[in-house]
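Student: here you go, sequence then predicted model.
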Amino acid sequence: MTLTTHALSIRQPWAWAIIHAGKDVENRDWRPSNPGLKFRGPVMIHASKGMTRDEYEGCLHACHQISYTHPFPPGLAMPAFDDLLRGGIVGTAKIVDVVTKSDSPWFFGPCGLILEDVRPIPFIPCKGALGFFKPELPA
């Protein structure tokens, strides 16, 4: 498996939604001057270590709302709070665009990184960071 050199930390369970539930937009509130908005290309999806019960419940609620208009595969269920992998790489994706408007039910704004070619990978523990970063992966 070949990994890219860039990663982006995403809080759970949103990282799970990208990898498993078809979340095709990663929402950010970055300022227009943020250099990360110019990034296009492959990226590793890092599941942040932190996650609150409110974040978990908020994502669960959003998934339920989205499933009314965009049904998920039969049997897909978000893992329990304590079962979500955190503090490491969980998948890869390709960022193909950055938008301020989108028809995707996953777009909440104010800007969204458009994701394609999302793939799960076996969990690789590593520290995260803000913005795009180059993770220190085990040898």
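Tutor: Looks like it came in fine.
Student: for the chain, which segments are assigned as helices?
Tutor: Using DSSP state H, the helices of the chain run over residues 14-20, 53-69.
Student: looking at the ones you listed, which is closest to G91?
Tutor: helix 14-20 (4.3 Å; C-beta to C-beta). Where C-beta positions appear, they are placed from N, C-alpha and C, glycine not excepted.
Student: spatially central residue in this structure, please.
Tutor: A15 (3.6 Å; C-alpha atoms, centre = their mean).
Student: tell me the contacts of that residue?
Tutor: I45, H46, A47, S48, V90, G91 (C-beta atoms under 8 Å, 6 or more residues apart in numbering).
Student: what about 10 Å?
Tutor: Going by C-beta atoms under 10 Å, 6 or more residues apart in numbering, A15 touches 8-9, 23, 26, 45-48, 51, 59, 84-86, 89-91.
Student: what residue ranges in this structure score low on pLDDT?
Tutor: 1-3 (pLDDT under 70).
Student: and with 80 instead?
Tutor: 1-4, 138-139 (pLDDT under 80).
Student: what residues of the longest strand belonging to it count as buried?
Tutor: Secondary structure of the chain per DSSP state E: the longest strand is strand 111-125. Neighbour counts over strand 111-125 (16 or more other C-beta atoms under 10 Å) mark C111, G112, L113, I114, L115, V118, I124 as buried.
Student: and the second one, how close does it get to P42?
Tutor: Spatial separation of G112 from P42 under the definition C-beta to C-beta, to the nearest Å is 18 Å.
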